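# need the 3D shape of this:
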Amino acid sequence: MRYDPPRPAGRLLLTPEDKEAPARTRRLRQLGLGERPEPGLDAFAGHLASLTGAPYAMVNFPGEGGQFFAGLHAPDVGLVVKEDGTRPVMGRFLPRDHGFCPHVVVRHKALVLEDVRDYPRFAGNPVVDEFGIHSYLGAPLIDTTGMVLGTVCAADVSPRPWGRSGLDTIKAAAADLTGRLEGPWSGGSLL
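Okay, here's the model as predicted:
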């Protein structure tokens, strides 16, 4: 599989280049992750949604071909109505240039966006228009080798004052899950 880094849009690189994508893909395969939905990670995402009060929560393993939500908590029906009257449903795959997790992965740092529309770099992201996402809270899953395996994140269709407590919650969830993924986990319950 070939990894094509993102191209700049004018002078602003909207999605940062992920030089670790090939190595991450290999590491995830070693751990048996990133290729199929995991009931334990779905449960973890549901727990994260409860902790944050967000309608969307994900465990995301970005790879060479895009983003994969091995753990997903999302409403059965989209929360926003598009111009054509349809409601988008969040699936397990997103292109790499959709969403905010690729920024978390490359930065190796948590990202708190209380209203994505306040940030020109993020306001034009496709998830804003397609899914109505207006707030985001994400943290990297950093393993014992220092590699970012992926992210845990929560998102809402309304602006959210996540604040320090939201940041602390998402960082603690990421640290907790990373420890479980590297331990004797076999895809079962993580709670």
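# low-confidence ranges, the protein, go.
The chain contains residues with pLDDT under 70 at 1-13, 184-191.
# redo that, cut-off 90
The chain contains residues with pLDDT under 90 at 1-17, 30-32, 35, 63-65, 75-91, 96-97, 99, 120-126, 128-132, 182-191.
# strands of that one, residue ranges please.
56-60, 67-73, 93-94, 111-113, 135-142, 148-156 (DSSP state E).
# what's the shortest one in contact with?
Okay, so that is strand 93-94. G66, Q67, F68, F69, V127 (C-beta atoms under 8 Å, 6 or more residues apart in numbering). Any C-beta I mention is one placed from the backbone N, CA and C, and that applies to glycine too.
# what pairs with the fourth one across the strands?
Read it as F69. N60 (DSSP bridges).
# tell me the angle of the helix ranked longest in the chain relative to strand 67-73?
Longest helix of the chain, by residue count under DSSP state H: helix 163-182. Angle of helix 163-182 versus strand 67-73, following axes from the mean of the first three to the mean of the last three C-alpha atoms, to 10 degrees, is 110 degrees.
# quick one: buried residues of helix 163-182?
For helix 163-182, burial by neighbour count (16 or more other C-beta atoms under 10 Å) applies to G166, T169, I170, K171, A173, A174, L177, T178, R180, L181.
# farthest-apart pair in those, please.
Using C-beta to C-beta, the buried residues of helix 163-182 reach their maximum pairwise distance at G166 and L181, which is 22.3 Å.
# re earlier: is it possible to get a markdown table of the contacts of strand 93-94 that adds neighbour count and distance to R26?
Converted to a markdown table, these look like this (neighbours: other C-beta atoms under 10 Å; distance: C-beta to C-beta, whole Å):
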| residue | neighbour count | distance to R26 |
| --- | --- | --- |
| G66 | 13 | 17 |
| Q67 | 22 | 17 |
| F68 | 22 | 15 |
| F69 | 27 | 20 |
| V127 | 21 | 27 |
